[in-house]
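# Give me the fold of what follows.
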Amino acid sequence: MGHIEHKVLSPSVANCFILTISDTRTEATDTSGRVISGLLFAAGHQVTGRKIVRDEPEEVLAALTGQLNTPDVQVIITTGGTGITARDTTYETIVSLLDKRLDGFGELFRMLSYQEIGSSAMMSRAVGGLAKGKIILSLPGSEAAARLAMTKLILPELGHLVREVSR
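Next up is the predicted model:
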């Protein structure tokens, strides 16, 4: 069976939690989280919840662990904290939780981002993988980057990812 048949047999609805990681964003200013939520909803997926935490490893770890232990969550999408400043520790925190990495996710995101922003794309540490049978996809905090990842990578494969993880 090929990838087309896999997609046909994939669930059309995934239960997703959105975690925004930022020292400055609030519910009113969380444009990336709002874009991710809106695109998931428009595609027919369920948003089980949203949360904003500061870019502190303990806060990010606690939020992710809580969702990994929530039975109805299949996918966790994070936005923010993927840069290279001293405050950006999300990448290290997420990678420490992964049982399997989806290296292609970050590679494809940077390739697509390069087409839009040029060589600055190399500074993104977008990453994805599996933890406790769930999918974690970590996106940069900019609204444009979140929209790019959602429309070009995540939404076209979300059901397929959920299907493959459950096998």
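
# Now do the residue nearest to L97 when sequence neighbours are not counted, the pLDDT please.
Nearest residue to L97, sequence neighbours excluded (CB to CB, 6 or more residues apart in numbering): A131, at 4.6 Å. C-betas here are computed from N, CA, C, even on glycine. A131 is assigned 98 on the pLDDT scale.

# try the one 5 residues further on
For I136, the pLDDT comes out at 98.

# Am I right that it sits in a strand?
Yes - counting by DSSP: H, G, I helix; E, B strand; the rest coil, I136 falls inside a strand.

# what residues are up against the residue nearest to L97?
Applying CB atoms under 8 Å, 6 or more residues apart in numbering to A131 gives the contacts 64, 68, 97-99.

# out of the residues you listed, who's nearest S113?
L98 (21.2 Å; CB to CB).

# Which helix or which strand is home to the closest residue to that closest one other than its chain neighbours?
Leaving aside its sequence neighbours, L98 sits nearest to G129 (CB to CB, 6+ apart; 3.6 Å). Secondary structure from DSSP states H and E places G129 in strand 127-131.

# Look through the protein and tell me its longest helix.
helix 103-117 (DSSP state H).

# Give me the mean pLDDT for that one.
The predicted model assigns helix 103-117 a mean pLDDT of 97.

# Which strands or helices does that helix pack on?
Contact here means 3 or more CB pairs under 8 Å, 6 or more residues apart in numbering; DSSP states H and E; on that basis helix 103-117 packs against strand 127-131, helix 143-149.

# nearest to A43, of these?
It's helix 143-149; of the helices and strands packed on helix 103-117, that one is closest to A43 (CB to CB) at 12.9 Å.

# quick one: which of the contacts of A131 is nearest to K152?
The closest of the contacts of A131 to K152 turns out to be L98 (CB to CB; 21.9 Å).

# and the helices and strands packed on helix 103-117 as TSV, adding distance to E56?
Shown next, in TSV, are the helices and strands packed on helix 103-117 (distance: least, CB to CB, whole Å):
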stretch	distance to E56
strand 127-131	18
helix 143-149	21
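
# Mind checking the ones you listed for the one nearest to L112?
When these are compared by CB to CB, helix 143-149 sits nearest L112, at 5.8 Å.

# and the closest one, how far out from the chain's middle?
11 Å (CA atoms, centre = their mean, to the nearest Å).

# again with stretch 115-124
The answer for stretch 115-124 is 18 Å, by CA atoms, centre = their mean.
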